[in-house]
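Participant: Give me the fold of what follows.
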Amino acid sequence: VVTGCLFLVAILFTPLITLVPSYATAPALIMVGFMMIRQTANIPWYDYEEAIPAILTFILMPLSFSISTGLACGFLSWTIIKILMGRFEQISWVMYLIAGLSLVSLVV
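Facilitator: This is a model prediction of the structure:
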């Protein structure tokens, strides 16, 4: 709810954002990348059910030039791996929904 409200407020500032040249956003994107890569320490690399989707996400983001495509492949691969391993109890209905929407996004 809070995020949605902040997005509505951000719409008012869209004209200001267009004033910033695209090359000026590079330092901010680099900092976001550093913050994202720090979270890899929390991934259980010994557990292939968790590590394989994370690696796919990391690899497919730069190769597809799309963060959303990388995330969609990560969500989808995590769900497929859990289903193939028979761990249905670990998958919530929300994850089934996200995986289905990710599949639709990748196909379309």
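
Participant: Pick out the residue nearest the middle of this protein.
Facilitator: residue 71 (3.4 Å; C-alpha atoms, centre = their mean).

Participant: got the contact list for that residue?
Facilitator: 57, 61, 102 (C-beta atoms under 8 Å, 6 or more residues apart in numbering). Where C-beta positions appear, they are placed from N, C-alpha and C, glycine not excepted.

Participant: Would you mind listing the buried residues in the lowest-mean-pLDDT helix or strand in the chain?
Facilitator: When each helix and strand of the chain is scored by mean pLDDT, DSSP states H and E, helix 14-17 comes last, with a mean of 84. Using 16 or more other C-beta atoms under 10 Å as the test for burial, helix 14-17 gives no buried residues.

Participant: Now do the residue nearest to the centre of the chain, the pLDDT please.
Facilitator: Note for residue 71: predicted pLDDT of 93.

Participant: so which strand or helix has it?
Facilitator: Taking DSSP states H and E as the criterion, residue 71 maps to helix 67-84.
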